[in-house]
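**Q** Just a sequence and a predicted model for now, questions to come.
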Amino acid sequence: MILILKENYDKKQLDNLSDWLKAQDIEIHMCEGVHTTIMGLIGDTSSLDIDMLLTLDIVESAKRIQEPYKNANRKFHPQDTVVQIGDVKIGGGNFATIAGPCSVESEEQLCTIAEQVKAAGAKLLRGGAFKPRTSPYAFQGLRETGIELLLKAKEKTGLPIVTEIMDISHLPLFEEVDVIQVGARNMQNFELLKELGKTRKPILLKRGLSSTLQELLMSAEYIMAGGNENVILCERGIRTFETETRNTLDLSAIPMLHQMSHLPVIIDPSHATGISKLVKPMSTAAAAAGADGLIIEVHNDPKHALCDGAQSLAPEQFADVQKAVDAVLPFACR
Ligand code: PEP
Ligand code: MN
């Protein structure tokens, strides 16, 4: 980090600041010009609050040279992280598709879909038990029963399960869940992230609706700072001025996140577009751009789905998408 000091700064205040920085194990390199004095701060500056430094009387401006995320940063961890879920691996050249309904509706619905997506090549089963809905009058999910049904489907098919947590108090219900999803709306629920950092469960962290890639990595950092390194990043579309699609899929997030971080990156073409017809082109594009996986909504009867039917694929459509993705994977950019 670089601090530029105000002209005629108070020497005593500089001494105080230097002592405080040294106490944080920061080395200081001073560069005194005719009008400008620059302080180069060397060491782990991730815990320094740039806004706090800017409030100091002697500081004119401050600039970070190093990113504020450390655990998630590729610079400190050059090799790809591979997240292991049972026998399934995601990252470091291992690609996996997660498929299943937006929400768990019944045992029959879930088990039918689970068998079909497994046969088509999905490696994990998704299904929402606790649903974040825009309207409080919309279907809110089967909650505890939904998790029980996911565990039944896991028992029947052997597919590990992925489901969303909305509140820390529900954590005990997720004991047997294989991958805990943090939804877009909770990406910056920092207390939730800290609790998940205390577990060693794989966490599927979705990008917030209006979050930058750096903010996504800072949220991953919250989980990793607690010691949980099993984080999978997910781009699921962001809010833009476009209204034809539900969100705008930021495909450039794949190579960009791979450059910034060693964590696996997967794409959710279902929530990104909101339109089932767009899932195949976006899935193949994501695979070609180097994604480590996909999460796709599949329903046995999309027209009557209780949630997100318009973006859900019928099982045979999913099979077609998986086939197209498999054909693209050998040519993926990495
Ligand atoms: C979901 O995966 O069902 C979901 C609600 O996703 P998101 O948080 O990306 O909207
Ligand atoms: Mn959904």
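**A** Done, it's in. Ligands and ions are numbered 1, 2, ... in the order given.

**Q** from here on, contacts and neighbour counts on C-alpha atoms
**A** Fine.

**Q** Which residue, neighbours along the chain excluded, lies closest to the residue in the chain positioned nearest to ligand 1?
**A** Closest approach between the chain and ligand 1, counting by C-alpha to the nearest ligand atom: Gly183, at 3.3 Å. Closest residue in space to Gly183, ignoring its immediate chain neighbours: Lys206 at 5.3 Å, by C-alpha to C-alpha, 6 or more residues apart in numbering.

**Q** any idea of the pLDDT on that neighbour?
**A** Lys206 is assigned a predicted lDDT (pLDDT) of 98.

**Q** Next to ligand 1, which bits of the protein? Give me the list.
**A** Counting by C-alpha under 6 Å from any ligand atom, the chain comes close to ligand 1 at Cys102, Gly128, Pro132, Gly183, Ala184, Arg185, Lys206, Arg236, His271.

**Q** Filter those down to the buried ones.
**A** Listed as buried from these are Cys102, Gly128, Pro132, Gly183, Ala184, Lys206, Arg236, His271; burial here means 16 or more other C-alpha atoms under 10 Å.

**Q** OK, contacts around the closest residue to the fifth one other than its chain neighbours?
**A** Think Ala184. Take Ala184 and drop its neighbours on the chain: the residue closest to it by C-alpha to C-alpha, 6+ apart is Gly208, 4.2 Å away. The contact partners of Gly208, taken as C-alpha atoms under 8 Å, 6 or more residues apart in numbering, are Gly183, Ala184, Arg185, Asn186, Met187, Gln188, Leu216, Ile238.

**Q** for Ala291, same thing?
**A** By C-alpha under 8 Å, 6+ apart, the contact set of Ala291 is Phe95, Ile254, Pro264, Val265, Ile266, Ile267.

**Q** Please identify the buried residues of stretch 305-323?
**A** So stretch 305-323, judged by 16+ other C-alpha under 10 Å, has buried residues 305-315, 317-319, 321-322.

**Q** Please apply the same query to stretch 242-260.
**A** By 16+ other C-alpha under 10 Å, the buried positions in stretch 242-260 come out as Thr245, Arg246, Asn247, Thr248, Leu249, Leu251, Ala253, Ile254, Pro255, Leu257, His258, Met260.

**Q** So which of the residues you listed is the closest to Asp301?
**A** The closest of the buried residues of stretch 242-260 to Asp301 turns out to be Arg246 (C-alpha to C-alpha; 20.8 Å).

**Q** Is that closest one in contact with His271, as I believe?
**A** Yes: taking contacts as C-alpha atoms under 8 Å, Arg246 lies within contact range of His271: 7.1 Å.

**Q** circling back to that earlier point, show me the contacts for the residue of the chain closest to ligand 1.
**A** Contacts of Gly183 by C-alpha under 8 Å, 6+ apart are Glu164, Ile165, Met166, Leu205, Lys206, Arg207, Gly208.
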